[in-house]
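Asks: Sequence plus predicted model, see below.
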Amino acid sequence: MLSRYFQLNKISGFDPKVLRSNLKLHIIDGSIFLFAISFISYTTILPVFIQKMGGNAIAVGSVSVLWTLGLNLPQLLFIKLFHHEKKIKPSVLKSGLLYRFHFIIISLVCSVFLGKLDSSVSVPLMLFLIFLTSIAGSTTGPPWFHFFAKTTPVKLRGRLLAIRWLIGSALGTIAGSAVSVILSSVVYPHNFALLFFLCFFFTMVSFYFLKKIEEPSETSEPIRQNVEQDIKQEPVSIREVLSRSKQILKEDKGFKNFLVADALILMSLTASAFYAVYAVKKFNLPTSFAGTFTIILMAGQLIGNFIFGYLADYYGHKINMLLLAGFSTAASLFAIISNNVLMFGVVFFFTGCTLTLQGISRLAIVVEMCNESERPIYIGLINSVTAPTVLFGVVGGILITIIGYVPVFLIYIVISLIAVYWLYKKVNEPRKLKIADMSN
């Protein structure tokens, strides 16, 4: 079944047995990891958590800002920690383990201290811990994606990422149901402490399968389709990494145009931090409804995965990025026009689609814009350069306290529509450019 889905008989340059095993392990690892993260979704759970502690709109908006900044901004600086290494897997495992242990730390803090602290202390403390966790996660980004690209052929990556999201989203609907039960039946703050503990436990299960993925050696690693051989000496210092980065930003016009589009998309996606809180306030809902929103969010990811992976593999990732910006527009629009909880559920469905599209195509399209030797720098650049634009989430929180939710959602609609225009007009599909270069 796996061979038929991925059409492995058409893949050359990889050991069939190792490739089949790695694909299975990638699927299991990714699916369980996504299931684990569903218990503390930064889109539906963490904003409600901060509000429950007494946080205002600015604090709520800071959740997605801190999460995204921490995950992305430091990545360029972490490249030197692994770029020169012949084997990338040890770095992936070390950074992955560090990331996972932050969840159990937050769980313990919630359980032991949170109920005893005033909101003036607990809200900043929890935002700080969330930020530290996301920074730990940023150390895993470039090495993991480099590791992922080394162990999978380029024409399978879209479908592989999609099926990971597909199964993970299906499991996430179960997590959403569990969240509803836990939030309604377990006393605060132990209910949220339990959610963080479950996240830690299942991320450790995913880590077990991650360890089993086999990395090809440098001497035996094949030259894969659409992936060039290393032609430059790998950077071994921050200065060299920054020098290469400056050169890329100066010379690669196509990548610069994509950076603009990505910045606009990231700005528009910060609206998601306000959806759950707005719905709870507008319709006078209990906190446990965050679990229901998570179920709908995962349903959007689940349904979207049936098509987004195929679109990426057969037509390129640009079409998915256009859909990402379009669905971001739709989510903010429905947040404005929805007059009942059922209709508002569409907001989280579209938000789920944006998360899936971002997971499948945002980094994958960057990988196709560069050669293998510069892949980690491009990944670090896309995450470090555009990450500060999510600070707009704080701006959104400030504006909400002044002019309200609806006008701010209108601003988000305008931003995402500009992103659609810029992607369509300014960003080329890198796969088509490579085909054109080969024909010349």
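Replies: Structure received.

Asks: What residues of the top helix by length along the chain count as buried?
Replies: The longest helix of the chain (DSSP state H) is helix 157-185. Across helix 157-185, burial judged by 16 or more other Cβ atoms under 10 Å covers 157-173, 175-176, 178-180, 182-183. In this view, the C-beta of every residue, glycine as well, is placed from N, C-alpha and C.

Asks: Also stretch 320-337?
Replies: The neighbour-count check on stretch 320-337 (16+ other Cβ under 10 Å) flags 320-336 as buried.

Asks: Same check on stretch 107-124?
Replies: Neighbour-count burial for stretch 107-124 [16+ other Cβ under 10 Å]: 107, 109-111, 114, 122-123.

Asks: hang on, the earlier thing: tell me which of the buried residues of stretch 320-337 fall in helices.
Replies: 320-336.

Asks: ok so, going back, helices or strands next to whichever helix or strand comes after the longest helix of the chain in the packing?
Replies: Downstream of helix 157-185, the next assigned helix or strand under DSSP states H and E is helix 190-210. If you count contacts as 3 or more Cβ pairs under 8 Å, 6 or more residues apart in numbering; DSSP states H and E, helix 190-210 packs onto helix 16-37, helix 45-52, helix 89-112, helix 157-185.

Asks: tilt between the first one and helix 157-185?
Replies: Using axes from the mean of the first three to the mean of the last three Cα atoms, to 10 degrees, the inter-axis angle of helix 16-37 relative to helix 157-185 is 30 degrees.

Asks: starting at the chain centroid, how far to helix 16-37?
Replies: Averaging C-alpha positions (Cα atoms, centre = their mean, to the nearest Å) puts helix 16-37 17 Å from its chain's average.

Asks: What average pLDDT does stretch 179-187 get?
Replies: Stretch 179-187 shows an average pLDDT of 92 in the prediction.

Asks: let's number from 37 now, not from 1
Replies: OK, 37 is where the count begins now, so the last one is stretch 215-223.

Asks: Restrict it to CA atoms and write it as CSV.
Replies: Below are the C-alpha coordinates for stretch 215-223, written out as CSV (Å, rounded to 0.1, in the frame of the first residue of the first chain):
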residue,chain,number,x,y,z
VAL,A,215,-9.3,18.4,25.9
SER,A,216,-13.0,19.2,26.2
VAL,A,217,-13.4,16.5,28.8
ILE,A,218,-10.2,17.5,30.7
LEU,A,219,-11.0,21.2,30.8
SER,A,220,-14.6,20.6,32.0
SER,A,221,-13.9,17.8,34.6
VAL,A,222,-10.4,18.6,36.0
VAL,A,223,-10.0,21.7,38.3
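
Asks: which outside residues touch it?
Replies: Residues outside stretch 215-223 that contact it (Cβ atoms under 8 Å, 6 or more residues apart in numbering) are 74-75, 81, 227-228, 230-231, 322-328, 330-331.

Asks: pLDDT weak spots in the stretch 287-436 of the chain?
Replies: 408-409 (pLDDT under 70).

Asks: where along it do the strands fall?
Replies: Taking DSSP state E, counting those that start in this stretch, the stretch 287-436 of the chain contains no strands at all.

Asks: Please give me every residue in contact with residue 292.
Replies: Applying Cβ under 8 Å, 6+ apart, we find residue 292 in contact with residue 285.

Asks: For residue 392, see how far away residue 351 is.
Replies: Distance, residue 351 to residue 392, by Cβ to Cβ, to the nearest Å: 16 Å.

Asks: now do residue 312
Replies: 18 Å.

Asks: Does residue 204 touch residue 67 like I think?
Replies: Yes: the pair residue 204 / residue 67 is scored as a contact, 4.3 Å apart, by Cβ atoms under 8 Å.

Asks: Just give me the least confident of the buried residues of stretch 143-160.
Replies: residue 150 (86).

Asks: and the gap between that one and residue 310?
Replies: 23 Å.

Asks: what's the pLDDT at residue 258?
Replies: So, for residue 258, pLDDT stands at 45.

Asks: gap between the residue most central in space within the chain and residue 353?
Replies: Closest to where the C-alpha atoms of the chain average out (Cα atoms, centre = their mean) is residue 395, at 5.2 Å. Taking Cβ to Cβ as the measure, residue 395 falls 12 Å from residue 353.

Asks: Please apply the same query to residue 442.
Replies: To residue 353, residue 442 is 33 Å away according to Cβ to Cβ.

Asks: More neighbours: which of these two?
Replies: Set residue 442 next to residue 353 and count neighbours by other Cβ atoms under 10 Å: residue 353 wins out with 28 against 13.

Asks: coming back round to it: neighbour-wise, which of residue 351 and residue 392 wins?
Replies: residue 392 (32 against 14).

Asks: Would you confirm that that one contacts residue 204?
Replies: No: counting by Cβ under 8 Å, residue 204 is not a contact partner of residue 392; they are 9.6 Å apart.

Asks: residues shared between the contacts of the two?
Replies: Common neighbours of residue 392 and residue 204 (Cβ under 8 Å, 6+ apart) are residue 337.

Asks: still on that earlier bit, enumerate every residue touching the residue nearest to the centre of the chain.
Replies: Residue 395 sits next to 197, 201 when contact means Cβ under 8 Å, 6+ apart.

Asks: ok, now with 6 Å
Replies: Contact analysis of residue 395 by Cβ atoms under 6 Å, 6 or more residues apart in numbering lists residue 201.
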